[in-house]
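# Below is the sequence, then the predicted model.
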Amino acid sequence: MRRKLFITVVVALAVAPSAHARPTQLMPGVTYERTLEWSAAGPVAMHVVRTPKPGGLYSLTPLLSNETITSLDTLSSMQRAASTRMTSIGVNGDYFSYSGSWPTGVLMRSGVIEHHPATNRAALGVDTSGNVHVDPVKWAATWKGPSTVGYAIRKLNETPGAHETALYTPVWGPRTPTIKGTAVILQPFPPLTPRRDLTGVVASVVADQSVPIPPDGAVLVGRGDGAQNLLIDAPVGAQLTVRVPLAGNWSQVTDAIGGGPTLVKDGRPIANSGEALTAAQVRGRSPRTAVGQRADGGIVMLAVDGRQAGWSIGITTLDLALALMRYGCVTGLALDSGGSTTVAFDGKVLNRPSDRRGERPVSDGLVVAYAGVFTPAPTPPTLSPNADRAGDREALAYKVVRPSTVSAKLIAPDGTARELFAGPRNPGRYRLSWDGTDAAGAPALEGSYHWNVTATDDLGRTSTDDRVFRLDKTLGFLRISPGARRTEFTLSREARIRVTIETPGGAVLRTIASGVRPAGPVTVLWNGRNTKKKLFKRGTYAVRVSATSEIGVSALRLPLRIVR
(Lines give C-alpha, C1' and ligand atoms only; values in the text may rest on other atoms or scores of the structure.)
Protein backbone atom coordinates (compact mmCIF):
# COMPACT_ATOMS: atom_id res chain seq x y z
CA MET A 1 0.00 0.00 0.00
CA ARG A 2 2.80 2.41 0.86
CA ARG A 3 4.58 1.54 -2.41
CA LYS A 4 1.42 2.24 -4.45
CA LEU A 5 0.93 5.55 -2.65
CA PHE A 6 4.56 6.51 -3.27
CA ILE A 7 4.26 5.76 -6.99
CA THR A 8 1.06 7.83 -7.20
CA VAL A 9 2.76 10.80 -5.58
CA VAL A 10 5.75 10.54 -7.92
CA VAL A 11 3.48 10.45 -11.00
CA ALA A 12 1.50 13.43 -9.70
CA LEU A 13 4.70 15.40 -9.28
CA ALA A 14 5.88 14.39 -12.74
CA VAL A 15 2.93 16.04 -14.47
CA ALA A 16 2.69 19.04 -12.18
CA PRO A 17 3.66 22.46 -13.56
CA SER A 18 7.20 23.46 -12.66
CA ALA A 19 7.05 26.98 -14.08
CA HIS A 20 3.88 28.89 -14.83
CA ALA A 21 4.34 32.49 -15.91
CA ARG A 22 1.54 34.91 -15.20
CA PRO A 23 -0.34 35.92 -18.37
CA THR A 24 1.05 39.06 -19.97
CA GLN A 25 -1.24 41.47 -21.80
CA LEU A 26 0.21 42.01 -25.26
CA MET A 27 -2.61 44.17 -26.60
CA PRO A 28 -6.05 45.06 -25.26
CA GLY A 29 -7.93 41.89 -24.35
CA VAL A 30 -5.14 39.57 -25.53
CA THR A 31 -2.84 37.67 -23.17
CA TYR A 32 0.16 35.40 -23.61
CA GLU A 33 1.83 33.04 -21.21
CA ARG A 34 4.44 30.31 -21.36
CA THR A 35 4.05 27.28 -19.14
CA LEU A 36 6.71 24.66 -18.47
CA GLU A 37 5.41 21.35 -17.20
CA TRP A 38 7.09 18.07 -16.38
CA SER A 39 5.60 14.91 -17.87
CA ALA A 40 6.82 11.38 -17.28
CA ALA A 41 8.72 11.68 -20.58
CA GLY A 42 10.32 15.06 -19.90
CA PRO A 43 9.64 18.81 -19.99
CA VAL A 44 6.84 20.33 -22.08
CA ALA A 45 6.97 24.03 -22.96
CA MET A 46 3.57 25.37 -23.99
CA HIS A 47 2.77 28.84 -25.31
CA VAL A 48 -0.80 29.98 -24.65
CA VAL A 49 -2.61 32.87 -26.33
CA ARG A 50 -6.10 33.92 -25.22
CA THR A 51 -8.15 36.50 -27.09
CA PRO A 52 -11.73 37.83 -27.19
CA LYS A 53 -14.39 36.40 -29.49
CA PRO A 54 -13.97 37.51 -33.10
CA GLY A 55 -16.05 40.57 -33.87
CA GLY A 56 -15.75 44.33 -33.81
CA LEU A 57 -12.08 45.23 -33.46
CA TYR A 58 -10.99 41.57 -33.42
CA SER A 59 -10.97 39.03 -36.22
CA LEU A 60 -9.66 35.48 -36.61
CA THR A 61 -8.18 35.41 -40.06
CA PRO A 62 -5.59 33.59 -42.20
CA LEU A 63 -2.48 35.32 -43.52
CA LEU A 64 -1.05 34.14 -46.85
CA SER A 65 2.67 34.10 -47.54
CA ASN A 66 3.60 37.02 -49.79
CA GLU A 67 -0.09 37.15 -50.82
CA THR A 68 0.44 34.30 -53.28
CA ILE A 69 -0.42 30.60 -53.17
CA THR A 70 2.91 29.52 -54.66
CA SER A 71 5.22 31.11 -52.09
CA LEU A 72 6.48 30.38 -48.59
CA ASP A 73 7.29 32.89 -45.87
CA THR A 74 7.73 32.95 -42.12
CA LEU A 75 4.80 33.78 -39.88
CA SER A 76 6.65 36.72 -38.36
CA SER A 77 7.32 38.15 -41.84
CA MET A 78 3.64 37.78 -42.76
CA GLN A 79 2.72 39.72 -39.63
CA ARG A 80 5.19 42.50 -40.43
CA ALA A 81 3.82 42.74 -43.96
CA ALA A 82 0.27 43.08 -42.57
CA SER A 83 1.19 45.44 -39.73
CA THR A 84 -0.14 48.54 -41.51
CA ARG A 85 -3.67 47.14 -41.33
CA MET A 86 -3.60 45.14 -38.08
CA THR A 87 -1.74 44.29 -34.91
CA SER A 88 -1.70 40.52 -34.83
CA ILE A 89 -0.81 37.50 -32.76
CA GLY A 90 -1.05 34.03 -34.17
CA VAL A 91 0.34 30.67 -35.14
CA ASN A 92 1.41 28.78 -38.23
CA GLY A 93 -1.39 27.49 -40.41
CA ASP A 94 -2.15 24.53 -42.65
CA TYR A 95 0.11 21.76 -43.89
CA PHE A 96 1.62 22.69 -47.25
CA SER A 97 3.12 21.11 -50.35
CA TYR A 98 6.93 21.03 -50.25
CA SER A 99 7.06 20.85 -54.04
CA GLY A 100 4.43 23.47 -54.90
CA SER A 101 4.23 25.57 -51.68
CA TRP A 102 0.44 25.72 -51.74
CA PRO A 103 -1.61 24.82 -48.65
CA THR A 104 -2.97 21.28 -48.69
CA GLY A 105 -6.42 22.27 -47.40
CA VAL A 106 -8.97 25.00 -47.77
CA LEU A 107 -8.04 28.67 -47.66
CA MET A 108 -10.72 31.37 -47.61
CA ARG A 109 -10.18 35.01 -46.77
CA SER A 110 -12.82 37.71 -46.51
CA GLY A 111 -15.37 35.50 -48.23
CA VAL A 112 -13.14 34.57 -51.19
CA ILE A 113 -11.99 30.94 -51.61
CA GLU A 114 -8.33 30.67 -52.62
CA HIS A 115 -7.64 26.93 -52.31
CA HIS A 116 -9.87 23.87 -52.27
CA PRO A 117 -10.32 21.78 -49.09
CA ALA A 118 -8.57 18.47 -48.48
CA THR A 119 -10.57 15.27 -48.82
CA ASN A 120 -11.57 13.66 -45.50
CA ARG A 121 -9.77 16.22 -43.39
CA ALA A 122 -11.18 18.89 -41.13
CA ALA A 123 -10.85 22.62 -41.58
CA LEU A 124 -11.54 25.61 -39.38
CA GLY A 125 -14.03 28.24 -40.47
CA VAL A 126 -15.09 31.52 -38.87
CA ASP A 127 -18.57 32.85 -39.57
CA THR A 128 -19.96 36.37 -39.55
CA SER A 129 -20.99 36.01 -35.88
CA GLY A 130 -17.48 35.10 -34.74
CA ASN A 131 -18.29 31.42 -34.23
CA VAL A 132 -15.68 28.80 -35.10
CA HIS A 133 -16.65 25.70 -37.08
CA VAL A 134 -14.43 22.61 -37.26
CA ASP A 135 -15.68 20.23 -39.95
CA PRO A 136 -14.61 18.29 -43.03
CA VAL A 137 -15.57 20.43 -46.03
CA LYS A 138 -16.78 18.84 -49.26
CA TRP A 139 -15.50 20.32 -52.52
CA ALA A 140 -18.02 20.16 -55.38
CA ALA A 141 -17.15 23.10 -57.63
CA THR A 142 -18.43 23.08 -61.20
CA TRP A 143 -18.25 25.10 -64.41
CA LYS A 144 -20.93 25.24 -67.06
CA GLY A 145 -20.84 26.56 -70.61
CA PRO A 146 -23.57 27.24 -73.18
CA SER A 147 -24.91 23.72 -72.75
CA THR A 148 -26.73 22.61 -69.61
CA VAL A 149 -23.97 20.15 -68.66
CA GLY A 150 -21.96 20.89 -65.53
CA TYR A 151 -18.30 19.86 -65.35
CA ALA A 152 -16.29 19.32 -62.19
CA ILE A 153 -13.50 21.66 -61.12
CA ARG A 154 -11.28 19.31 -59.12
CA LYS A 155 -8.57 21.76 -58.06
CA LEU A 156 -8.36 25.42 -57.15
CA ASN A 157 -4.95 27.05 -57.52
CA GLU A 158 -3.20 23.70 -57.77
CA THR A 159 -1.93 21.63 -60.68
CA PRO A 160 -4.73 19.44 -62.11
CA GLY A 161 -4.34 15.69 -62.32
CA ALA A 162 -4.83 13.63 -65.46
CA HIS A 163 -8.30 14.23 -66.94
CA GLU A 164 -8.99 16.97 -64.37
CA THR A 165 -9.81 20.68 -64.58
CA ALA A 166 -8.33 23.32 -62.28
CA LEU A 167 -9.24 26.96 -61.77
CA TYR A 168 -6.49 29.54 -61.31
CA THR A 169 -7.26 32.93 -59.78
CA PRO A 170 -4.96 35.96 -59.38
CA VAL A 171 -3.79 34.80 -55.94
CA TRP A 172 -1.87 32.01 -57.71
CA GLY A 173 0.47 34.56 -59.30
CA PRO A 174 0.88 36.29 -62.64
CA ARG A 175 0.79 33.18 -64.86
CA THR A 176 -0.49 29.60 -64.84
CA PRO A 177 2.04 26.78 -64.88
CA THR A 178 2.91 25.26 -68.24
CA ILE A 179 0.55 22.29 -68.60
CA LYS A 180 -0.12 20.04 -71.58
CA GLY A 181 -3.80 20.69 -72.05
CA THR A 182 -6.28 23.49 -72.68
CA ALA A 183 -6.37 26.88 -70.94
CA VAL A 184 -9.49 29.05 -71.08
CA ILE A 185 -9.00 32.66 -69.99
CA LEU A 186 -12.05 34.24 -68.38
CA GLN A 187 -12.10 38.03 -68.36
CA PRO A 188 -13.75 39.61 -66.55
CA PHE A 189 -14.46 37.13 -63.78
CA PRO A 190 -15.52 38.05 -60.20
CA PRO A 191 -13.78 36.98 -56.97
CA LEU A 192 -14.48 33.34 -56.15
CA THR A 193 -17.18 33.60 -53.50
CA PRO A 194 -19.12 30.44 -52.57
CA ARG A 195 -22.81 29.59 -52.87
CA ARG A 196 -23.59 31.76 -55.89
CA ASP A 197 -23.36 31.64 -59.69
CA LEU A 198 -20.24 33.45 -60.93
CA THR A 199 -20.11 34.28 -64.62
CA GLY A 200 -17.21 35.19 -66.88
CA VAL A 201 -16.64 35.59 -70.61
CA VAL A 202 -14.13 33.41 -72.50
CA ALA A 203 -11.53 35.86 -73.78
CA SER A 204 -9.23 33.28 -75.39
CA VAL A 205 -8.47 29.55 -75.57
CA VAL A 206 -4.84 28.38 -75.60
CA ALA A 207 -3.26 24.93 -75.79
CA ASP A 208 -0.17 23.57 -73.99
CA GLN A 209 1.04 26.94 -72.70
CA SER A 210 1.48 29.03 -69.61
CA VAL A 211 -0.94 31.95 -69.84
CA PRO A 212 -1.31 35.22 -67.90
CA ILE A 213 -3.95 35.30 -65.17
CA PRO A 214 -5.85 38.59 -65.56
CA PRO A 215 -6.06 40.63 -62.33
CA ASP A 216 -9.81 40.87 -62.97
CA GLY A 217 -10.21 37.35 -64.28
CA ALA A 218 -9.37 33.66 -63.92
CA VAL A 219 -8.15 30.72 -66.00
CA LEU A 220 -9.62 27.24 -66.35
CA VAL A 221 -6.97 24.65 -67.25
CA GLY A 222 -7.93 21.12 -68.27
CA ARG A 223 -5.96 17.95 -68.95
CA GLY A 224 -7.18 14.88 -70.83
CA ASP A 225 -10.96 14.69 -70.63
CA GLY A 226 -10.93 18.05 -68.82
CA ALA A 227 -9.19 19.65 -71.82
CA GLN A 228 -11.70 18.11 -74.24
CA ASN A 229 -14.65 19.44 -72.24
CA LEU A 230 -13.21 22.96 -72.40
CA LEU A 231 -12.62 22.71 -76.16
CA ILE A 232 -16.20 21.55 -76.70
CA ASP A 233 -18.14 23.81 -74.33
CA ALA A 234 -16.01 26.92 -73.79
CA PRO A 235 -15.57 28.70 -77.13
CA VAL A 236 -14.26 32.25 -77.35
CA GLY A 237 -17.02 34.71 -76.50
CA ALA A 238 -19.09 32.18 -74.56
CA GLN A 239 -20.32 32.95 -71.06
CA LEU A 240 -19.24 30.40 -68.45
CA THR A 241 -20.78 29.95 -65.02
CA VAL A 242 -18.78 28.72 -62.03
CA ARG A 243 -20.36 27.65 -58.76
CA VAL A 244 -18.70 26.58 -55.49
CA PRO A 245 -21.25 25.17 -53.02
CA LEU A 246 -20.22 24.82 -49.38
CA ALA A 247 -22.60 22.45 -47.66
CA GLY A 248 -23.52 22.08 -44.00
CA ASN A 249 -23.35 24.86 -41.43
CA TRP A 250 -20.69 26.81 -43.36
CA SER A 251 -23.22 29.06 -45.08
CA GLN A 252 -22.05 32.11 -43.12
CA VAL A 253 -18.31 31.27 -43.01
CA THR A 254 -16.11 34.01 -44.45
CA ASP A 255 -12.62 32.90 -43.41
CA ALA A 256 -11.23 29.37 -43.30
CA ILE A 257 -8.00 27.43 -43.09
CA GLY A 258 -7.16 23.76 -43.37
CA GLY A 259 -5.53 21.60 -40.75
CA GLY A 260 -6.30 18.48 -38.80
CA PRO A 261 -6.95 16.42 -36.90
CA THR A 262 -10.06 17.55 -35.03
CA LEU A 263 -9.12 17.76 -31.35
CA VAL A 264 -12.28 18.90 -29.55
CA LYS A 265 -15.87 18.59 -30.72
CA ASP A 266 -18.95 19.62 -28.71
CA GLY A 267 -16.83 19.94 -25.58
CA ARG A 268 -15.30 16.46 -25.82
CA PRO A 269 -11.76 15.42 -26.75
CA ILE A 270 -11.34 13.39 -29.94
CA ALA A 271 -8.81 10.60 -29.49
CA ASN A 272 -8.93 9.46 -33.11
CA SER A 273 -10.75 11.56 -35.70
CA GLY A 274 -10.07 9.11 -38.52
CA GLU A 275 -9.01 11.91 -40.84
CA ALA A 276 -6.72 11.44 -43.84
CA LEU A 277 -3.43 12.32 -42.17
CA THR A 278 -0.08 10.54 -42.04
CA ALA A 279 1.17 8.70 -38.97
CA ALA A 280 3.91 11.31 -38.57
CA GLN A 281 1.28 14.05 -38.45
CA VAL A 282 -0.82 12.53 -35.67
CA ARG A 283 1.30 10.07 -33.68
CA GLY A 284 3.93 10.47 -31.02
CA ARG A 285 5.34 13.51 -29.30
CA SER A 286 6.14 16.43 -31.58
CA PRO A 287 5.99 20.20 -31.64
CA ARG A 288 2.31 20.88 -32.25
CA THR A 289 -0.04 23.79 -32.89
CA ALA A 290 -3.76 24.07 -32.14
CA VAL A 291 -6.56 26.61 -32.02
CA GLY A 292 -9.88 26.37 -30.24
CA GLN A 293 -12.91 28.37 -29.16
CA ARG A 294 -14.31 28.61 -25.66
CA ALA A 295 -18.00 28.47 -24.78
CA ASP A 296 -17.95 32.26 -24.32
CA GLY A 297 -16.53 32.69 -27.84
CA GLY A 298 -12.97 33.50 -26.79
CA ILE A 299 -10.15 32.08 -28.87
CA VAL A 300 -7.29 29.96 -27.48
CA MET A 301 -4.12 29.28 -29.46
CA LEU A 302 -1.55 26.74 -28.30
CA ALA A 303 1.97 26.16 -29.60
CA VAL A 304 3.99 23.41 -27.92
CA ASP A 305 7.74 23.27 -28.49
CA GLY A 306 9.36 19.90 -29.09
CA ARG A 307 12.36 17.91 -30.31
CA GLN A 308 14.59 19.87 -27.92
CA ALA A 309 15.95 17.76 -25.09
CA GLY A 310 16.19 19.70 -21.86
CA TRP A 311 13.71 22.31 -23.07
CA SER A 312 10.62 20.58 -24.46
CA ILE A 313 9.97 17.08 -25.80
CA GLY A 314 6.69 17.89 -27.54
CA ILE A 315 3.15 16.67 -27.00
CA THR A 316 0.74 14.05 -28.35
CA THR A 317 -2.43 15.01 -30.19
CA LEU A 318 -4.59 13.64 -27.37
CA ASP A 319 -2.71 15.65 -24.75
CA LEU A 320 -3.04 18.68 -27.02
CA ALA A 321 -6.81 18.15 -27.10
CA LEU A 322 -6.90 17.87 -23.30
CA ALA A 323 -4.84 21.06 -23.03
CA LEU A 324 -7.39 22.93 -25.16
CA MET A 325 -10.13 21.68 -22.86
CA ARG A 326 -8.20 22.81 -19.76
CA TYR A 327 -8.39 26.31 -21.20
CA GLY A 328 -12.15 25.96 -21.69
CA CYS A 329 -12.36 25.11 -25.39
CA VAL A 330 -15.48 23.35 -26.66
CA THR A 331 -14.18 23.02 -30.21
CA GLY A 332 -10.63 22.78 -31.51
CA LEU A 333 -8.40 21.80 -34.41
CA ALA A 334 -4.72 20.97 -34.81
CA LEU A 335 -2.72 22.79 -37.46
CA ASP A 336 0.60 21.95 -39.10
CA SER A 337 3.13 20.58 -36.61
CA GLY A 338 6.83 19.73 -36.28
CA GLY A 339 9.24 22.41 -37.44
CA SER A 340 6.33 24.54 -38.64
CA THR A 341 5.05 25.13 -35.08
CA THR A 342 5.42 28.85 -34.42
CA VAL A 343 3.69 31.53 -32.37
CA ALA A 344 4.48 35.18 -33.07
CA PHE A 345 3.26 38.59 -31.99
CA ASP A 346 3.56 41.72 -34.12
CA GLY A 347 6.39 40.18 -36.13
CA LYS A 348 8.34 38.71 -33.19
CA VAL A 349 8.61 34.96 -32.57
CA LEU A 350 7.62 33.94 -29.02
CA ASN A 351 8.42 30.23 -29.01
CA ARG A 352 11.43 28.07 -29.91
CA PRO A 353 10.82 26.45 -33.32
CA SER A 354 12.53 23.09 -33.65
CA ASP A 355 14.19 23.55 -37.04
CA ARG A 356 17.93 24.13 -36.80
CA ARG A 357 17.63 27.27 -38.89
CA GLY A 358 14.92 28.62 -36.62
CA GLU A 359 11.54 29.80 -37.85
CA ARG A 360 10.36 27.77 -40.84
CA PRO A 361 8.81 29.42 -43.91
CA VAL A 362 5.22 28.19 -44.30
CA SER A 363 2.34 28.69 -46.70
CA ASP A 364 -0.09 30.47 -44.39
CA GLY A 365 -0.76 31.44 -40.80
CA LEU A 366 -3.78 31.98 -38.58
CA VAL A 367 -3.86 35.18 -36.53
CA VAL A 368 -6.11 37.19 -34.30
CA ALA A 369 -6.03 40.64 -35.85
CA TYR A 370 -6.73 43.70 -33.73
CA ALA A 371 -7.77 46.95 -35.43
CA GLY A 372 -7.78 49.27 -32.41
CA VAL A 373 -5.09 51.51 -30.99
CA PHE A 374 -1.99 49.65 -29.84
CA THR A 375 0.70 50.96 -27.51
CA PRO A 376 3.94 48.99 -27.13
CA ALA A 377 5.28 48.80 -23.59
CA PRO A 378 7.16 52.02 -22.73
CA THR A 379 10.94 51.71 -22.68
CA PRO A 380 12.72 51.62 -20.36
CA PRO A 381 10.25 50.20 -17.80
CA THR A 382 11.70 52.63 -15.26
CA LEU A 383 12.39 56.27 -16.15
CA SER A 384 15.30 57.66 -14.13
CA PRO A 385 16.03 61.20 -15.32
CA ASN A 386 19.22 61.81 -13.31
CA ALA A 387 21.61 62.54 -16.22
CA ASP A 388 23.53 59.27 -15.92
CA ARG A 389 22.64 58.34 -19.52
CA ALA A 390 20.69 55.28 -18.37
CA GLY A 391 16.90 55.57 -18.63
CA ASP A 392 16.98 59.37 -18.79
CA ARG A 393 14.14 59.53 -21.32
CA GLU A 394 11.01 57.43 -21.74
CA ALA A 395 10.15 56.24 -25.26
CA LEU A 396 6.38 56.25 -25.79
CA ALA A 397 4.60 55.05 -28.92
CA TYR A 398 1.24 54.06 -30.36
CA LYS A 399 -0.15 52.70 -33.62
CA VAL A 400 -3.47 53.16 -35.42
CA VAL A 401 -4.44 51.18 -38.52
CA ARG A 402 -7.37 53.35 -39.64
CA PRO A 403 -7.86 57.12 -39.77
CA SER A 404 -8.57 57.99 -36.14
CA THR A 405 -9.08 60.79 -33.66
CA VAL A 406 -6.48 60.22 -30.96
CA SER A 407 -5.98 61.35 -27.37
CA ALA A 408 -2.57 60.39 -25.93
CA LYS A 409 -1.92 61.31 -22.33
CA LEU A 410 0.26 60.65 -19.30
CA ILE A 411 -1.57 59.98 -16.04
CA ALA A 412 0.56 60.83 -12.99
CA PRO A 413 0.63 58.98 -9.64
CA ASP A 414 -1.75 61.57 -8.18
CA GLY A 415 -4.28 60.94 -10.98
CA THR A 416 -3.70 64.16 -12.90
CA ALA A 417 -3.58 63.77 -16.68
CA ARG A 418 -1.31 65.56 -19.11
CA GLU A 419 -2.31 65.33 -22.76
CA LEU A 420 0.68 64.95 -25.06
CA PHE A 421 -1.36 64.82 -28.27
CA ALA A 422 -5.00 65.28 -29.26
CA GLY A 423 -6.31 65.30 -32.81
CA PRO A 424 -6.66 63.34 -36.04
CA ARG A 425 -4.09 60.79 -37.14
CA ASN A 426 -3.67 58.84 -40.34
CA PRO A 427 -2.81 55.15 -40.08
CA GLY A 428 0.74 54.70 -38.85
CA ARG A 429 3.11 54.47 -35.89
CA TYR A 430 3.73 57.55 -33.78
CA ARG A 431 6.53 58.07 -31.29
CA LEU A 432 7.00 60.51 -28.43
CA SER A 433 9.63 60.98 -25.77
CA TRP A 434 9.34 62.23 -22.19
CA ASP A 435 12.15 63.54 -20.01
CA GLY A 436 10.40 63.26 -16.65
CA THR A 437 9.36 66.90 -16.29
CA ASP A 438 5.89 68.37 -15.87
CA ALA A 439 4.22 70.91 -18.16
CA ALA A 440 6.13 73.72 -16.45
CA GLY A 441 9.49 72.00 -16.93
CA ALA A 442 9.89 71.08 -13.24
CA PRO A 443 10.75 67.52 -12.11
CA ALA A 444 7.62 65.38 -12.19
CA LEU A 445 6.34 63.29 -9.30
CA GLU A 446 8.03 59.95 -8.79
CA GLY A 447 5.86 56.84 -8.85
CA SER A 448 3.74 54.83 -11.29
CA TYR A 449 2.55 56.49 -14.51
CA HIS A 450 0.02 55.38 -17.10
CA TRP A 451 0.67 55.87 -20.80
CA ASN A 452 -2.95 56.01 -21.95
CA VAL A 453 -4.05 56.33 -25.59
CA THR A 454 -7.65 56.39 -26.83
CA ALA A 455 -8.60 56.36 -30.51
CA THR A 456 -11.92 56.57 -32.35
CA ASP A 457 -11.57 55.37 -35.93
CA ASP A 458 -13.46 56.36 -39.07
CA LEU A 459 -15.96 53.55 -38.46
CA GLY A 460 -16.89 55.04 -35.09
CA ARG A 461 -15.12 52.33 -33.05
CA THR A 462 -13.38 53.51 -29.88
CA SER A 463 -10.45 51.65 -28.32
CA THR A 464 -8.04 52.35 -25.47
CA ASP A 465 -4.65 50.92 -24.60
CA ASP A 466 -2.99 51.63 -21.26
CA ARG A 467 0.57 50.83 -20.20
CA VAL A 468 2.22 51.34 -16.82
CA PHE A 469 5.78 52.45 -16.19
CA ARG A 470 7.53 54.09 -13.26
CA LEU A 471 9.46 57.29 -12.68
CA ASP A 472 12.06 56.43 -10.04
CA LYS A 473 15.34 58.27 -9.48
CA THR A 474 16.45 56.03 -6.61
CA LEU A 475 19.23 54.23 -8.50
CA GLY A 476 21.77 55.70 -10.88
CA PHE A 477 25.34 56.13 -12.10
CA LEU A 478 26.27 52.44 -12.22
CA ARG A 479 29.95 51.83 -12.95
CA ILE A 480 32.02 48.66 -12.84
CA SER A 481 35.78 48.15 -12.96
CA PRO A 482 37.43 45.48 -15.16
CA GLY A 483 36.24 42.10 -13.96
CA ALA A 484 33.67 43.85 -11.74
CA ARG A 485 36.11 43.79 -8.83
CA ARG A 486 34.63 47.18 -7.94
CA THR A 487 30.97 48.13 -8.54
CA GLU A 488 29.82 51.68 -7.81
CA PHE A 489 26.40 53.31 -7.94
CA THR A 490 24.43 56.10 -6.28
CA LEU A 491 21.19 56.02 -4.27
CA SER A 492 19.02 59.13 -4.05
CA ARG A 493 17.23 57.68 -1.00
CA GLU A 494 17.59 54.78 1.40
CA ALA A 495 16.91 51.47 -0.34
CA ARG A 496 17.38 47.74 -0.03
CA ILE A 497 19.93 46.75 -2.64
CA ARG A 498 21.01 43.52 -4.29
CA VAL A 499 24.04 43.16 -6.56
CA THR A 500 24.33 39.97 -8.62
CA ILE A 501 26.56 38.41 -11.26
CA GLU A 502 24.40 36.86 -13.98
CA THR A 503 24.55 35.01 -17.24
CA PRO A 504 23.71 37.06 -20.36
CA GLY A 505 20.25 35.45 -20.21
CA GLY A 506 19.65 36.64 -16.63
CA ALA A 507 20.34 33.54 -14.53
CA VAL A 508 21.87 34.56 -11.19
CA LEU A 509 25.29 33.01 -10.58
CA ARG A 510 26.39 34.91 -7.47
CA THR A 511 24.95 37.56 -5.15
CA ILE A 512 27.85 39.78 -4.11
CA ALA A 513 25.98 42.32 -1.97
CA SER A 514 22.55 42.79 -0.38
CA GLY A 515 20.87 44.74 2.39
CA VAL A 516 19.75 48.26 3.23
CA ARG A 517 22.00 51.15 2.19
CA PRO A 518 21.55 54.88 2.96
CA ALA A 519 21.28 57.59 0.32
CA GLY A 520 24.58 58.44 -1.34
CA PRO A 521 27.37 56.63 -3.19
CA VAL A 522 27.67 52.85 -2.70
CA THR A 523 30.73 50.72 -3.43
CA VAL A 524 30.68 46.92 -3.66
CA LEU A 525 33.89 44.88 -3.83
CA TRP A 526 34.09 41.38 -5.31
CA ASN A 527 36.97 38.92 -5.47
CA GLY A 528 35.85 37.37 -8.76
CA ARG A 529 34.98 34.03 -7.17
CA ASN A 530 31.83 31.95 -7.03
CA THR A 531 30.15 30.49 -3.95
CA LYS A 532 32.69 27.63 -3.96
CA LYS A 533 35.53 30.18 -3.80
CA LYS A 534 36.67 29.37 -7.31
CA LEU A 535 37.43 32.08 -9.85
CA PHE A 536 34.81 32.66 -12.51
CA LYS A 537 35.78 31.26 -15.88
CA ARG A 538 36.56 33.65 -18.69
CA GLY A 539 33.49 34.66 -20.64
CA THR A 540 30.60 37.09 -20.93
CA TYR A 541 28.42 37.84 -17.91
CA ALA A 542 26.44 40.79 -16.51
CA VAL A 543 26.29 42.82 -13.32
CA ARG A 544 22.81 43.67 -12.12
CA VAL A 545 21.97 46.12 -9.33
CA SER A 546 18.42 46.35 -8.01
CA ALA A 547 17.15 48.84 -5.43
CA THR A 548 13.84 48.55 -3.57
CA SER A 549 12.54 51.77 -2.05
CA GLU A 550 9.25 53.43 -1.18
CA ILE A 551 8.81 54.17 -4.91
CA GLY A 552 9.24 50.57 -6.04
CA VAL A 553 11.96 48.39 -7.51
CA SER A 554 14.44 49.79 -10.01
CA ALA A 555 17.37 48.06 -11.63
CA LEU A 556 20.44 48.72 -13.76
CA ARG A 557 22.49 46.16 -15.65
CA LEU A 558 25.88 46.31 -17.36
CA PRO A 559 27.67 43.67 -19.45
CA LEU A 560 30.73 42.07 -17.88
CA ARG A 561 33.64 40.45 -19.67
CA ILE A 562 35.99 38.30 -17.60
CA VAL A 563 39.38 37.69 -19.17
CA ARG A 564 41.98 35.44 -17.59
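Sure, I can see it.

# going forward, measure contacts and count neighbours with C-alpha atoms only.
Noted.

# Verify the stated contact: Tyr32 with Ile89.
No: counting by C-alpha atoms under 8 Å, Tyr32 sits too far from Ile89 to count as a contact (9.4 Å).

# With neighbour numbers in mind, choose between these two.
It is Ile89, of Tyr32 and Ile89, that has more neighbours when counted by other C-alpha atoms under 10 Å, with 31 against 21.

# which residues sit in contact with Val524?
Val524 sits next to 486-488, 512-513 when contact means C-alpha atoms under 8 Å, 6 or more residues apart in numbering.

# May I see these arranged in a markdown table, with secondary structure, neighbour count and pLDDT as well?
Output for those, formatted as a markdown table (DSSP: H, G, I helix; E, B strand; the rest coil; neighbours: other C-alpha atoms under 10 Å; pLDDT from 0 to 100):
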| residue | secondary structure | neighbour count | pLDDT |
| --- | --- | --- | --- |
| Arg486 | strand | 15 | 97 |
| Thr487 | strand | 21 | 98 |
| Glu488 | strand | 17 | 98 |
| Ile512 | strand | 19 | 97 |
| Ala513 | strand | 14 | 98 |
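
# which of those sit farthest apart?
Within the contacts of Val524, Glu488 and Ile512 form the most distant pair, 12.6 Å apart (C-alpha to C-alpha).

# domains for the protein, by residue range?
The chain breaks down into these domains under automatic domain parsing: 2-92+267-370, 142-243, 382-471, 475-562.

# what's the span of the second one, first residue to last?
Going back to what we said before, that points to domain 142-243. Taking C-alpha to C-alpha, to the nearest Å, domain 142-243 runs 6 Å from one end to the other.

# What average pLDDT does that domain get?
Taken as a whole, domain 142-243 has an average pLDDT of 97.

# and it, how far out from the chain's middle?
36 Å (C-alpha atoms, centre = their mean, to the nearest Å).

# doesn't Val219 fall inside a helix?
No: read with DSSP: H, G, I helix; E, B strand; the rest coil, Val219 is strand and lies in no helix.

# Settle this for me: it is touching Thr182, isn't it.
No: under the criterion of C-alpha under 8 Å, Val219 is not in contact with Thr182, lying 10.0 Å apart.

# The two: who's more crowded?
Using other C-alpha under 10 Å as the criterion, Val219 and Thr182 rank with Val219 on top: 27 against 23.

# Look up phi and psi at the nearest residue to the more buried one once chain neighbours are set aside.
With C-alpha to C-alpha, 6 or more residues apart in numbering as the criterion, Val219 has its nearest non-adjacent residue at 4.5 Å, and that residue is Ile185. When read as degrees, to the nearest 10, the backbone of Ile185 gives phi -90, psi 120.

# what's near enough to touch Ile185?
So Ile185 contacts 202-205, 213, 217-220 (C-alpha under 8 Å, 6+ apart).

# Among those residues, which pair sits farthest apart?
Val205 and Gly217 (13.8 Å).

# How about the contacts made by the residue nearest to Thr68 when sequence neighbours are not counted?
The shortest distance from Thr68 to any non-neighbouring residue, by C-alpha to C-alpha, 6+ apart, is to Val171 (5.0 Å). Residues near Val171 by C-alpha under 8 Å, 6+ apart: 67-69, 114, 157.

# Then Ser101?
69-72, 362-363.

# do that again at 7 Å, thanks
70-72, 363 (C-alpha atoms under 7 Å, 6 or more residues apart in numbering).

# And the most centrally placed residue in the chain, what's its pLDDT?
Nearest to the mean C-alpha position of the chain, by C-alpha atoms, centre = their mean, lies Gly90 at 2.5 Å. Note on Gly90: pLDDT of 98.

# Repeat that for Arg3.
37.

# got the phi/psi numbers for Ser77?
The phi/psi pair for Ser77 (degrees, to the nearest 10) is phi -70, psi -40.

# Look up the closest residue to it, ignoring the ones flanking it.
Residue nearest to Ser77 in three dimensions, not counting chain neighbours: Gly347, with 6.1 Å by C-alpha to C-alpha, 6+ apart.

# how about stretch 263-278: buried residues?
Neighbour-count burial for stretch 263-278 flags 263-265, 267, 269-270, 273 (criterion: 16 or more other C-alpha atoms under 10 Å).

# Report the secondary structure state of Leu556.
strand.

# Please list all residues in contact with it.
544-546.

# Out of these, which is nearest to Ala122?
Looking across those and measuring by C-alpha to C-alpha, the closest to Ala122 is Arg544, at 51.1 Å.

# I'd say His115 and Arg154 touch.
No: if you go by C-alpha atoms under 7 Å, His115 and Arg154 don't touch, sitting 10.8 Å apart.
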